[in-house]
Every structure is written in structure tokens, then in C-alpha cells.
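Chemist: model the structure of this input:
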Amino acid sequence: MLEVDSASGIYITDQQGKKYIDFISGIAVSNVGHRHPKVVEAIEKQLKKYMHLMVYGEYVQSPQIKLAEKLAMHLPANLSSVYFTNSGAEANDGAMKLAKRATGRTEIVYFEKAYHGSTTGALSVMGDEFFKQAYRPLLPDCKMIAFNNLNQLKEISSKTAAVIVETIQGEAGAIVPDLCFMQQLRKRCSETGALLIFDEVQCGFGRSGKLWAFEHFGVVPDILTLSKGMGGGLPIGAFIASKELMNLLTHNPILGHITTFGGNAICCAASLATLTLIVEEKLYERAAELEKVIKKRFQNHEKLNKIRGKGLMLAIPFKNQTENFKVVENCFQQKLITDWFLFADHCLRIAPPLIIDDQALHDSLDIIENACENLDV
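Modeler: As a prediction, the model looks like this:
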């Protein structure tokens, strides 16, 4: 157990002064590292002006406007209207509500081993029954199909309000879908009138090697959801759609979606600084470069050569959970924080801050390699 005293950059320091490399970024949250000076500066500047004022949407607040403008500037034209939330689960709940309102349908299609959050709505589209069974009944009309399986796309029909999918599956162990699958998924949704929701809560904000992971596939969703790496360490999320779609939440009923703390001024200021950093310093390109470095480093290693994923959202499969957990523990003893995946506990998670320098990266890879030695499972 790590009792934290402080965190800065890629490091977490415990109460005894021991410094650990954070190789998972708080699960893809600290994309620009812990307490990045520019993020802290933005927080302090806004803190001197105001914090919470009123329920989101009641007042015009410049941090919200500036962040929404910056997001829209770097997204396709149909993703121009932003609704801020507190988390990724809330963003996904909002996206599903919007899809039902827009289509007049109730069915939501989701995928095996999907993770979209733990609220009742998000849990309803989680692709693992073990984590759902204790909380049923959940939302009705939710249908699970196989991920990356072209034959399953026929299950999307004129009854479907939306298909929600992680652009790259996170908790399944950094599973990258085939280009053909993503393009056919987009086509099937367009044919049936179902809205396509891309969940980029974990793979967004440069982690995949592109600013947005959907850029890898040449397709654009109807609704995009974001969080985790969005706030530079502060809680914020968003669902984003066209102005036409989002306006449906303004009437019949009025206040069709509402949140007290979504769009918090300080969180928006931190997020704007984070997005600006990622874009101006092209940290997504850095992630793509380091993916190549990591894969090349381990390409001839007996246990580490099956690495998968995109950018700095990677997974290393081991023989079983026991072997992987030993590696995780061995890494921790060498002051490297690694982790496993919710639906792939035999896989080691690699998701360091995008700002990690070459030396720290190679030191981390040395530790992982050392942690694999003398495994007796």
C-alpha cells in the first residue's frame, strides 16, 4: 500500500520520501503529468476569480466558453456543441439520454468487455456480467454484441437508438479494433439511423498517438464522450455532438439534462491548459513515437513481445493472472507503479504520462524486464 505525500511530473513520493515512477497515470488521467506548472498556474489564476457560481448553464462563464471553443476547434464540424459533466460515466449517461431523445428509440447496443463507468446507466452497458449481477435490474433494452466482429453488426437495427463503443477498448486490455470493423460500424449506424457514440474517456487527449483515437480509423461519431485525461488531474468530463442534436435537450422537457457541478470553472481552466499543452507540444506525436520505442525494445523478449495497443495505451499479456500480478508486485518493489486491467487481469498496463522523458522510459522498461526474471509460476 502506497501512502502518498506528494506527486509531481511522472513521480509519486510516499511518506518515507521514496519516489516512484507513475507508469499508469492514475489510469490515463495524468496525461500531462502530476501538477504540471501550466495547469497549476491556470487553476490558481481562476481560483482568484471565482469557483462555483450556479447550476451549470445558468450563467455565462468564460472558462466553459473558452474550453468548448478549443475543443470544437480541434474536432470535426459535427462535434461542435459541448456539454460538460463531472466524469466519464456521467458523460456516457448524457450521451445515451441524448440518443434516446434524438431517435425516439430505446435500444442501446454495446460490446463485450466494454467499460463505460459505474453509474446505473453506464453499468447497464458494461460488457461483463460479474460486475453487473448484484445491481439488477438495470436499464432495459440494452443489447450486448461481440467486439470487432463484423457478423454481429446486423444486430444493429431500426430499433437501435445508439451504439456505444470505446474507440480502443481499455479495460479489456488495450484492444484495438480492425479498420474495417470501425468503418462498417459507422456505415451500419448510418443505414439504420442509430447514433454512434465513441467513448474516448480513456483513449482521448493524445494517449492513443492521435489527439482523438477515432482519427486512426477515418470515421467520425455522432456523439463523443471524454474525461480522465481531460482535466490535468481535476474531475471533468464532456459529451459532444452537433448543435442540432444538443438543442434537443433544451425543450420538451426544458432542462432535458442538468448538472450542478459540471463545467466547474476551475476544472474547465485546468482542462483548457491541459488541452493547450497537448496540442502545442504535440504530445500525441510523442505518444506515437514512444509506442514504437517500447514495442521495439521488447520485440525479442520471450515474455514481453506480445505487446498490444496504440500510443501510450498499451498492454502486455502474460500467461495468467498469477504471473502478471507477480510482475506488478516486482515492479512496485523497484519503485515503478504498474497495474492490470479489469477484464484482462493477465495483462500488464502501460500508460505513463505523455511527458515522460527518454531516460525515465528506459529505466521503467528495465524495471519491467527485471521484474520478469525468475518468474516461478
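
Chemist: can you count the residues close to residue 96?
Modeler: Each residue near residue 96 was counted by other CB atoms under 10 Å, and the total is 27. In short, each C-beta sits where N, CA and C put it, glycine included.

Chemist: quick check: which element contains it?
Modeler: helix 88-103 (DSSP states H and E).

Chemist: now that helix, how far from the centre of its chain.
Modeler: Distance of helix 88-103 from its chain centroid, counting by CA atoms, centre = their mean, to the nearest Å, is 17 Å.

Chemist: what does that helix contact?
Modeler: Outside helix 88-103, the residues within contact range by CB atoms under 8 Å, 6 or more residues apart in numbering are 83, 85, 105-106, 108, 116-119, 121-122, 125, 161-162, 164, 193-195, 197, 199, 201-202, 222-223, 225-228, 237-239, 241, 245-246, 248-249, 256-257, 259, 262.

Chemist: of these, just the buried ones, PyMOL syntax please.
Modeler: This is how PyMOL selects the buried members of the contacts of helix 88-103, with burial counted by 16 or more other CB atoms under 10 Å:
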select buried, resi 83+85+105+108+116+117+121+122+125+161+162+164+193+194+195+197+199+201+202+222+223+225+226+227+228+237+238+239+241+245+246+249+256+257+259+262
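
Chemist: out of the contacts of helix 88-103, which are inside helices?
Modeler: Assigned to helices by DSSP state H, the following of the contacts of helix 88-103 qualify: 121-122, 245-246.

Chemist: could I get the contacting residues of residue 45?
Modeler: residue 269.

Chemist: helix, strand or coil for it?
Modeler: Reduced to three states with DSSP: H, G, I helix; E, B strand; the rest coil, the structure at residue 45 is helix.

Chemist: quick one: the helices in the stretch 201-350 of the chain?
Modeler: Remark: helices assigned in the stretch 201-350 of the chain by DSSP state H, counting those that start in this stretch are 243-246, 265-280, 283-298, 321-333.

Chemist: can you add mean pLDDT and distance to residue 5 and give those back as CSV?
Modeler: Below are the helices of the stretch 201-350 of the chain laid out as CSV (pLDDT from 0 to 100; distance: least, CB to CB, whole Å):
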stretch, mean pLDDT, distance to residue 5
helix 243-246, 98, 43
helix 265-280, 98, 22
helix 283-298, 98, 27
helix 321-333, 96, 17
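
Chemist: go through those helices and pick out the most buried.
Modeler: Ranked by mean neighbour count, the helices of the stretch 201-350 of the chain are led by helix 265-280 with a mean of 23 (mean count of other CB atoms under 10 Å).

Chemist: which residues touch that one?
Modeler: 31-32, 36, 38-39, 41-43, 45-47, 49-53, 61, 63-64, 66-67, 70-71, 74, 84, 205-206, 211, 229-236, 283-284, 354.

Chemist: rerun at 7 Å
Modeler: 31-32, 36, 38-39, 42-43, 45-47, 50-51, 61, 63-64, 66-67, 70-71, 74, 84, 205-206, 211, 230-232, 234-236, 283-284 (CB atoms under 7 Å, 6 or more residues apart in numbering).

Chemist: same question for stretch 351-370.
Modeler: By CB under 7 Å, 6+ apart, the residues outside stretch 351-370 that reach it are 9-10, 21-25, 28, 30-33, 206-207, 283, 286-287, 290, 293-294, 297, 301, 304, 312-313, 331, 334, 336.

Chemist: let me know the average pLDDT across it.
Modeler: Regarding stretch 351-370, the rounded mean pLDDT is 97.

Chemist: how far does it sit from the chain's center?
Modeler: The answer for stretch 351-370 is 21 Å, by CA atoms, centre = their mean.

Chemist: could you list the buried residues of that stretch?
Modeler: By 16+ other CB under 10 Å, the buried positions in stretch 351-370 come out as 351-356, 360-361, 364-365, 367-368.

Chemist: then it to PDB, C-alphas only?
Modeler: Taking Å, rounded to 0.1, in the frame of the first residue of the first chain, the C-alpha atoms of stretch 351-370 are listed here in PDB:
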ATOM      1  CA  ALA A 351       0.000   4.100 -19.600                       C
ATOM      2  CA  PRO A 352       2.700   6.600 -18.400                       C
ATOM      3  CA  PRO A 353       2.200  10.400 -18.700                       C
ATOM      4  CA  LEU A 354       2.800  11.600 -22.200                       C
ATOM      5  CA  ILE A 355       5.500  13.900 -20.900                       C
ATOM      6  CA  ILE A 356       7.800  11.000 -19.800                       C
ATOM      7  CA  ASP A 357      11.400  11.600 -20.900                       C
ATOM      8  CA  ASP A 358      13.500   9.100 -22.700                       C
ATOM      9  CA  GLN A 359      15.700   8.200 -19.700                       C
ATOM     10  CA  ALA A 360      12.700   7.600 -17.400                       C
ATOM     11  CA  LEU A 361      11.000   5.500 -20.000                       C
ATOM     12  CA  HIS A 362      14.100   3.300 -20.500                       C
ATOM     13  CA  ASP A 363      14.500   3.000 -16.700                       C
ATOM     14  CA  SER A 364      10.900   1.900 -16.500                       C
ATOM     15  CA  LEU A 365      11.300  -0.700 -19.200                       C
ATOM     16  CA  ASP A 366      14.500  -2.000 -17.500                       C
ATOM     17  CA  ILE A 367      12.400  -2.500 -14.300                       C
ATOM     18  CA  ILE A 368       9.700  -4.400 -16.200                       C
ATOM     19  CA  GLU A 369      12.300  -6.600 -17.800                       C
ATOM     20  CA  ASN A 370      14.000  -7.200 -14.500                       C
END
